[in-house]
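Q: Mind looking at a prediction? Sequence and model below.
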2 protein chains.
Amino acid sequence: MLAPNRLQSCRAPNGTERGNPRSKVGKREFPFDPGASLLLTDLYELNMVQAYLDAGMTDTAVFEFFVRKLPASRGFLMAAGLEQAVAFLKTARVSEAEQRWLAESGRFRDNTLDYLADFHFTGDLHAMPEGTVFFPDEPIARITAPLPEAQLLESRLINLLHFQTVIASKAARMVLASQDRALVDFGLRRAHGSEAGLLAARASYIAGFAASATTPAEWLYGVPITGTMAHSFIQAHDDEAAAFLAFARSRPDNVVLLLDTYDTETAAHSVVRIAPILAGEGIELRGVRLDSGDLAEEARLVRGILDRGGLTSVQIFASGGVDEDLLQRYASQNAPIDGYGIGTSLTTSSDAPALDCAYKLQEYSGQPKRKLSTGKATWPGRKQVFRRYGSDGTMVGDVLTLEGQAGDGEALIQPVLINGKRIQPEPDLQDSRAHAASQLDLLPPHLKRLESAPAYPVMVAESVKALAEQADSVRPGS
Amino acid sequence: MLAPNRLQSCRAPNGTERGNPRSKVGKREFPFDPGASLLLTDLYELNMVQAYLDAGMTDTAVFEFFVRKLPASRGFLMAAGLEQAVAFLKTARVSEAEQRWLAESGRFRDNTLDYLADFHFTGDLHAMPEGTVFFPDEPIARITAPLPEAQLLESRLINLLHFQTVIASKAARMVLASQDRALVDFGLRRAHGSEAGLLAARASYIAGFAASATTPAEWLYGVPITGTMAHSFIQAHDDEAAAFLAFARSRPDNVVLLLDTYDTETAAHSVVRIAPILAGEGIELRGVRLDSGDLAEEARLVRGILDRGGLTSVQIFASGGVDEDLLQRYASQNAPIDGYGIGTSLTTSSDAPALDCAYKLQEYSGQPKRKLSTGKATWPGRKQVFRRYGSDGTMVGDVLTLEGQAGDGEALIQPVLINGKRIQPEPDLQDSRAHAASQLDLLPPHLKRLESAPAYPVMVAESVKALAEQADSVRPGS
């Protein structure tokens, strides 16, 4: 058995055991910013850097990030997370406190400690813009940098690009299925930690969500935020109608009343009763929210009560277990629901919470590279994706080819950082959102539906296949 | 339709529109620590605080966090995340920069702005210790605090308790299924953001994992860390055996060689060939890693090659798509695998990435409260869980009762913070891990298996049912 103390023990160069982490169980009290620390990485990246430096292997490496295959319930993916990846590349450092921890751990020699202390990204980043639709085997990001640099960045780059791509791809399905209803991200509470909650607000907004309930998404990213009341607000009051009145008077600009705490029908009648009172005070009801039961059925019931009470302009907002299948069903039923709050299914991408993605070495020191592992073989070299469109503007097929080769259609991969510096202004989030909307618009009709459909055609150019043969021929594995 | 600009616009008390966030699209450049910001919350919590303060509703509220029902593939859950929740309760503040943002947003009046500026948690926290096994309807945490305080904490408390509970519960299944193999968390790259990667390392360690690959988990939590090499290391070299030698010489204390970059059988023969060379240099091979194909079959092939080459003590470590079902299958097949690296399935809890959990108001100002929403009714009051054990020590059943009532068995919910102060020393993570191990030991045998089984009995005490009737009788909803 691989006993953990053997797995993680470390002998210093002089042969004495030191730095056994088990003797240091407990919390280090030093500042740690996971958003900017280069040490938010798998330990093996650091081990490999030590070995690369020992061998003088610091030539230029090319790594590409791509998805191997689609989850069963996806016909396309939407790239997102690039701006966070750029921020990481530009700011990733090892702080002085972290440098001390590294030295004390006894795991690394001076060449590596010095390298990490001086680290800053000096390489290039090429990528598809956020909001771009993409398919398996198509790289959405490429790092070109000295081998230890490109290696060290692996874990966090995947972490950032994978998650927002997961969320944008899920959100895009919801946007397509909802037929123009306003969708709001309610997912913070069941997101996997703080960063997931924040980045899901951003990624879903790119994909076409209208807003998020997560407060900091406004000042961090410029995502519109919205929110009304919880059941606890109603419960804390002795009387539901009194709770409605108190809330409306305190928050008169966005009065959306939650109806299902006790009995939805009773609550809807209360709304009809108090609406004129509030109107007399100059307060307009914006909407009501349903959060349980069969939302379409409840919405029809409530719509009827509100309409008969003269509240035809009061909107109905629904939440609670909504996903793209329900959105499509409610849309097809013409359920009188004007907008949705969507939490868990969005923020965890519950049917496909991860993608089979990889960040793989495609070239080192001018030589093409690829792995041949069963089921995980990769295409070598620096690649470009060309996309062709039909006469009506619809996407008709992509070609995976080598960078620098002529191609037919639109080149999807663009330079973002050259020698560590951004070469174009940071795109506005609204522009990424507009790009995403136009991408969804251009999808082939069968990919706009939720049902599984024939795969979108991605052709691998002969030049790529020839390079793979070349890579295989020079690999002396035996 | 709920247009987003209507949903999130806000009129100041004097009636003029101000603070429309759409005019502020872009990033605020002020320090934001999501781990300590009270504003990492849903906007509706802030809206409700405004309404509570306007109405003078600041009496004591009791909220409990519990799971409504188990995912289909879970027979029990394991509580985790309490220490992060405690840290949040003790440190949650609104920074001065955030106060300025709040004021400028125009959304809130001075009473709320002042309240938020002065916020610190003054209430009580009762909870099950981390590592405790629990079942639906059993609260694992209870907040007793002035209503606006308890309300404000909702989103982030759920976010923290939910995620680590998801991960510990998933990891516990893997620990049970693996039959004492060493399990290592490889999940950072596909975790949902940085915090998820870090906290998954912690939660899986509590549940019995041996180590994590995520570097900061050592200094943040005292989790042992481990790591070897990636395919890129092999690919970057011109020769696989040369790569093995270079790595072993650079990292001689934990030599685990990755075999499946090109051809596993060839690589295993290379290992046999280089082992004596390395032994001559005083370097011992610890193990090899397989990362693709049928891991059990590959392991048998490699075990044979290694054994015939005299390397009987070299261990076999497997990774790549491993989950608890595969762990159980490989264990039942006696696959010669000594340890596993587990990424995606653990860190996203891929079959059940979220729990149907809630943080609900159970009492306000001395009155029991509950909601009656379809399918989401709750039990009111401050509750305790008693657990009974059979003569062999096995758990036989729980009773959900009211705090302060006598019960048969072990009381699972304990005071943690009183008046905002911790009343016992912070538990060592090793103690939580030992507690989790003993909990898994005491599970009824049918819950130790992965297959679905009869539900564990949780009885609701008559006192709880009587309190629910009382809550319903005083609720004037009509």
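A: Perfect, I can see it now.
Q: residues in the stretch 51-200 of chain A within reach of chain B, list them.
A: A:51-52, A:54-55, A:57, A:61, A:63, A:101, A:105, A:147, A:151, A:154-156, A:158-160, A:162-163, A:166, A:180-182, A:184, A:186, A:188-199 (Cβ under 8 Å from any Cβ of the partner chain). Placement of C-beta: from N, CA and C, glycine included.
Q: could you redo the last one with a cut-off of 7 Å?
A: Applying Cβ under 7 Å from any Cβ of the partner chain, we find that the stretch 51-200 of chain A lies next to chain B at A:51, A:54-55, A:57, A:61, A:101, A:147, A:151, A:155, A:158-159, A:162-163, A:181-182, A:188-199.
Q: A:Pro148 - how many residues pack around it?
A: For A:Pro148, the count of nearby residues is 23 (other Cβ atoms under 10 Å in any protein chain shown).
Q: Sketch out the low-pLDDT regions of chain A for me.
A: A:1-32, A:475-478 (pLDDT under 70).
Q: How about the backbone phi and psi for the residue in it sticking out farthest from the centre?
A: Residue farthest from the centre of chain A, counting by Cα atoms, centre = their mean, is A:Gly280 at 45.8 Å. Phi and psi for A:Gly280, reported as degrees, to the nearest 10, are phi -60, psi -20.
Q: can you give me the strands for the stretch 101-250 of chain A?
A: Here the stretch 101-250 of chain A has its strands, by DSSP state E, counting those that start in this stretch, at A:124-127, A:133-134, A:141-146, A:182-185, A:211-212.
Q: Go through those strands and pick out the most buried.
A: Across those, the average number of neighbours (mean count of other Cβ atoms under 10 Å in any protein chain shown) peaks for strand A:211-212, which reaches a mean of 32.
Q: just checking, what packs against that one?
A: Applying 3 or more Cβ pairs under 7 Å, 6 or more residues apart in numbering or on different chains; DSSP states H and E, we find strand A:211-212 packed against strand A:182-185, helix B:4-8.
Q: still on that earlier bit, filter the residues of the stretch 51-200 of chain A next to chain B down to the ones in helices?
A: Those of these mapping onto helices are A:51, A:54-55, A:101, A:147, A:151, A:155, A:158-159, A:162-163, A:194-199, per DSSP state H.
Q: Report the buried members of the residues you listed.
A: The neighbour-count test (16 or more other Cβ atoms under 10 Å in any protein chain shown) marks A:51, A:54-55, A:101, A:147, A:151, A:155, A:158-159, A:162-163, A:194-199 as buried among these.
Q: Report the central residue of chain A.
A: With distances taken as Cα atoms, centre = their mean, chain A has A:Gln164 as the residue nearest its mean C-alpha position (0.8 Å).
Q: how about the helix or strand containing A:Val86 as CSV, C-alpha atoms only?
A: Assigned by DSSP states H and E, A:Val86 belongs to helix A:82-91. The C-alpha coordinates for helix A:82-91 follow below in CSV (Å, rounded to 0.1, in the frame of the first residue of the first chain):
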residue,chain,number,x,y,z
LEU,A,82,-10.4,33.5,-20.3
GLU,A,83,-10.3,36.9,-18.4
GLN,A,84,-9.7,35.1,-15.1
ALA,A,85,-7.0,33.0,-16.8
VAL,A,86,-5.4,36.2,-18.1
ALA,A,87,-5.5,37.8,-14.7
PHE,A,88,-3.9,34.7,-13.2
LEU,A,89,-1.1,34.7,-15.8
LYS,A,90,-0.4,38.4,-15.2
THR,A,91,-0.4,38.2,-11.4
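Q: For that helix, buried residues please.
A: A:Leu82, A:Glu83, A:Gln84, A:Ala85, A:Val86, A:Phe88, A:Leu89.
Q: Break chain A into its domains for me.
A: In terms of domains, chain A is parsed into A:33-226+A:320-478, A:228-316 (source: automatic domain parsing).
Q: Turn those domains into JSON lines, including distance to B:Ala358.
A: JSON lines is the format used below for those (distance: least, Cβ to Cβ, whole Å):
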{"stretch": "domain A:33-226+A:320-478", "distance to B:Ala358": "9"}
{"stretch": "domain A:228-316", "distance to B:Ala358": "9"}
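Q: and B:Ser432, which of the ones you listed is closest to it?
A: Of all the domains of chain A, domain A:33-226+A:320-478 sits nearest to B:Ser432, with 18.9 Å by Cβ to Cβ.
Q: Give me the distance between the residue of the stretch 301-450 of chain A found nearest chain B and A:Ala211.
A: Proximity to chain B, evaluated over the stretch 301-450 of chain A using Cβ to the nearest Cβ, is greatest for A:Gly339 at 3.5 Å. A:Gly339 is 9 Å from A:Ala211, where distance means Cβ to Cβ, to the nearest Å.
Q: Spit out the residues that contact those two alike.
A: A:Val184 (Cβ atoms under 7 Å, 6 or more residues apart in numbering or on different chains).
Q: just the helices in the stretch 151-300 of chain A please.
A: A:154-178, A:194-206, A:216-221, A:231-236, A:240-250, A:264-280, A:295-308 (DSSP state H, counting those that start in this stretch).
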